[in-house]
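Please find the sequence and the predicted model below.
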Amino acid sequence: YASLGVMVREFLTGTDLSIERATFAVAGPVIGGSSKVTNLPWLLVEPDLTAELQLRSVHLLNDLEAIAGAMVVLGSPDLHPLNAGEPVTGGALAVVAPGTGLGEAFLIWDGTRYRAYPSEGGHADFAPTTELQAGLLVYLMQRFKHVSVERVCSGPGLFNIYEYLRASGHAPESAELARGLAATPEDGPRLIGEAAMRRPDPDPLSGAAIELFVSILGAEAGNLALKVLSTGGLYLAGGIPQRILPALGDGRFMGAFVAKGRLGEMLARVPVQVVTLRAALLGAALSGLEIAASSGVTRSR
């Protein structure tokens, strides 16, 4: 799609609903009602979209702010626990969401309710914690001016890890997977994940890539938990975690999560859960309803 407006107009042609207002959760920082989408050549501006779509109002919010906003309404069917922990009432909550990119957000209790705040923590520096990860950093420094944690902890990041392990001779590459990656490189993360999760014969190279990915994700989740002191809990959202649940539950993730020296014991008490639904859509809907309510709009159904 050339723009969000084109996409939305196509969607609206397929519905007879009367649309007056819209809320969009977008993958990029939203500042002053506008956003340059990080992984797309789109510049989104609320007044421009309002006019283009002929609506009364358009609201943009960061996709991780939307995901974080949905956390407060999730129930046990929407969550898969990795660590029961000991949640502190009113403690901050953290959200890490690897997918096309790496999103991070947090929620703070204001005395009455939790309020969600976005961040761009996924674009902070990748900090290796092992010799193998240090080699990954050196490998990627030859390709990128800045090696953010998103470069190694996202769908494209998983592909980067796979290429690094392949280039270093860590494990042999299967001919079948090599053909699939050559034919559809854009599907690389999915193909690697499926090959790694295949039972009873997981692909060795893909499996090694997933193991390294999980360790990096655990370390980064622990970093965010320390930075916002998320004693209330940490949530793993985004498209990847729910697809690799067995790998997240084998102890590697939590081992990296708590490996923070003197504060490891504190992190071991942080509840960690995987979100198993598309929380960004739910969060955008909740935000839209809240804005509509503040504008005096009532729902007829």
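It's in.

got any ranges where the stretch 101-250 of the chain has weak pLDDT?
Filtered on pLDDT under 70, the stretch 101-250 of the chain yields no residues whatsoever.

quick one, helices of it?
Ranges of helices in the stretch 101-250 of the chain, per DSSP state H, counting those that start in this stretch, are 131-141, 155-167, 175-183, 188-197, 204-228, 245-248.

Val45: which of those helices is closest?
Smallest distance to Val45 across the helices of the stretch 101-250 of the chain (Cβ to Cβ): 27.1 Å, for helix 155-167. Backbone N, C-alpha and C define where each C-beta goes, glycine included.

what comes up buried for the closest one?
Neighbour-count burial for helix 155-167, counted by 16 or more other Cβ atoms under 10 Å, picks out 155-166.

now do stretch 239-252
239-244, 247-249, 252.

repeat for stretch 251-260
Result for stretch 251-260 [16+ other Cβ under 10 Å]: buried residues 252-254, 256-258, 260.

Stretch 216-232 now?
216-225, 228, 230-232.

So what's the gap between it and the chain middle?
How far stretch 216-232 lies from its chain's middle: 14 Å, per Cα atoms, centre = their mean, to the nearest Å.

what does stretch 279-298 give?
With Cα atoms, centre = their mean, you get 21 Å for stretch 279-298.

tell me the average confidence for it?
For stretch 279-298, mean pLDDT rounds to 86.

List the neighbours of it that are in contact with it.
With contacts defined as Cβ atoms under 8 Å, 6 or more residues apart in numbering, stretch 279-298 is touched by 20-25, 57, 59, 61, 63, 65-71, 73-74, 116, 237, 299.

Can I get it as CSV, trimmed to CA atoms?
C-alpha atoms of stretch 279-298 as CSV (Å, rounded to 0.1, in the frame of the first residue of the first chain):
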residue,chain,number,x,y,z
ALA,A,279,-3.4,-7.0,21.9
ALA,A,280,-2.6,-4.0,19.6
LEU,A,281,-6.1,-4.2,18.0
LEU,A,282,-7.7,-4.5,21.4
GLY,A,283,-5.7,-1.6,22.8
ALA,A,284,-6.5,0.6,19.8
ALA,A,285,-10.2,-0.1,20.3
LEU,A,286,-10.1,0.7,24.0
SER,A,287,-8.2,3.9,23.3
GLY,A,288,-10.8,4.9,20.6
LEU,A,289,-13.7,4.2,22.9
GLU,A,290,-12.1,6.2,25.7
ILE,A,291,-11.5,9.2,23.4
ALA,A,292,-15.1,8.9,22.1
ALA,A,293,-16.5,8.9,25.6
SER,A,294,-14.5,12.0,26.5
SER,A,295,-16.0,13.7,23.5
GLY,A,296,-19.5,12.9,24.6
VAL,A,297,-20.1,10.1,22.1
THR,A,298,-22.2,7.2,23.3
